[in-house]
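*Asks:* Predicted structure and sequence below. I'll ask about it afterward.
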Amino acid sequence: MTVSSMASPSGRVWQVGGCGARRFIRLRRPSVEGLELKVARARRVLLEVAHTWKPQDVAVAWTGGKDSTVALSLWQRVLDEAHPGMRAKALSLDTGCKFPEVVAFRDRMAQEWSIDLTVVRPDVGPDYPVAVDRVACCRDLKVEPLLRALKEREIAVLLTGVRADENPERASRPQTETFDAPSHVRVHPVLEFSEMDIWAYTMAQGLPYCTLYAQGYRSLGCVPCTSLVVGGDERAGRDATKEASMDALHALGYF
């Protein structure tokens, strides 16, 4: 992988693997060698998935965000090597509260990349109290539809874009987790990637990304629980109550 000077979506210039790199949202530049090792380890994990399970039993939890797009890209490449001609499967949770730009990006890329995309929607009425109780809202709009889709689609392995440095709870995650009801395995191929690693890989590989990142968003969730903030942690714009409840959400089946 060759990475040199490049521009972030917000227009800031930064370098990977060189001296005197400019600051990008106060993040340290990744080492090119370090990133290559992380990519190699992610590929090994995905190759093991590809050789252990049937490709039709594997799906990517694709939000349309930067992290799961990298995970999807990595899986597509591995799938092309291990099972030429097979389309990558993806599940996308559409809560009805997603940014229109994210939905448009997801649908466009699903066509361009020939993704076997299943859009999963919650079974709630139009008067559902969105974002009143953050944990209950995530359970009803995300977790329950996800678990239902895994069962209906008979997905044995779910690949995610979860990263360890996003949240203290996620920092303790193993790269592979086993879940019941329905029984499935979750694999987090980019778990050890940093935010900068994601952008370095995205830029080096010429991957597309949602236009909202160019407006300054660093983490994209549902509209009521996502704000545009300047400075702070990557997920500073996410709802604080939800972020503090990640343990409870994970126990329910959230990513």
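*Replies:* Cool, got the structure. These numbers come from a predicted model, not from an experiment.

*Asks:* Spell out, range by range, the strands that occur in this protein.
*Replies:* Assigned by DSSP state E, the chain shows strands spanning 6-7, 13-14, 58-61, 89-93, 116-120, 157-159, 176-179, 184-187.

*Asks:* which regions of the stretch 1-150 of the chain lie under the pLDDT threshold?
*Replies:* Scanning the stretch 1-150 of the chain for pLDDT under 70 picks out the ranges 1-33.

*Asks:* change it to 50
*Replies:* For the stretch 1-150 of the chain, the stretches with pLDDT under 50 are 1-8, 10-28.

*Asks:* do you know how far Ala204 is from Ala82?
*Replies:* Ala204 sits at a distance of 23 Å from Ala82 (criterion: C-beta to C-beta, to the nearest Å). All C-beta spots, glycine's among them, are computed from the backbone N, C-alpha and C.

*Asks:* I should have written Ala40 there, sorry.
*Replies:* For Ala40, the distance to Ala82 - C-beta to C-beta - is 16 Å.

*Asks:* More neighbours: the two, which one.
*Replies:* Counted by other C-beta atoms under 10 Å, Ala40 and Ala82 do not tie: Ala82 has more neighbours, with 14 against 11.

*Asks:* isn't the more buried one right up against Glu48?
*Replies:* No - using C-beta atoms under 8 Å, Ala82 makes no contact with Glu48, being 10.1 Å away.

*Asks:* For Leu191, which residues are in contact?
*Replies:* 162-164, 170, 173, 175 (C-beta atoms under 8 Å, 6 or more residues apart in numbering).

*Asks:* What segments of the stretch 151-255 of the chain are helices?
*Replies:* Taking DSSP state H, counting those that start in this stretch as the test, the helices found in the stretch 151-255 of the chain are 168-171, 195-205, 240-244, 246-252.

*Asks:* most packed of these?
*Replies:* helix 195-205 (a mean of 22; mean count of other C-beta atoms under 10 Å).

*Asks:* Quick check: which helices or strands does that helix pack against?
*Replies:* Judged by 3 or more C-beta pairs under 8 Å, 6 or more residues apart in numbering; DSSP states H and E, helix 195-205 is in contact with strand 6-7, helix 32-52, helix 66-82.

*Asks:* Of the ones you listed, which is nearest Ala181?
*Replies:* Closest of the helices and strands packed on helix 195-205 to Ala181 is helix 32-52, at 21.4 Å (criterion: C-beta to C-beta).

*Asks:* Give me the packing partners of that closest one, helices and strands only.
*Replies:* By 3+ C-beta pairs under 8 Å, 6+ apart, helix 32-52 packs against helix 66-82, strand 157-159, strand 184-187, helix 195-205.

*Asks:* mind listing what's buried in that helix?
*Replies:* 32, 35-36, 38-39, 42-43, 45-46, 49-50 (16 or more other C-beta atoms under 10 Å).

*Asks:* Run the angle between it and helix 66-82 for me.
*Replies:* Interaxial angle of helix 32-52 relative to helix 66-82 (axes from the mean of the first three to the mean of the last three C-alpha atoms, to 10 degrees): 60 degrees.

*Asks:* Any chance of a markdown table for the helices and strands packed on helix 32-52, columns distance to Val119?
*Replies:* Output for the helices and strands packed on helix 32-52, formatted as a markdown table (distance: least, C-beta to C-beta, whole Å):
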| stretch | distance to Val119 |
| --- | --- |
| helix 66-82 | 14 |
| strand 157-159 | 16 |
| strand 184-187 | 19 |
| helix 195-205 | 23 |
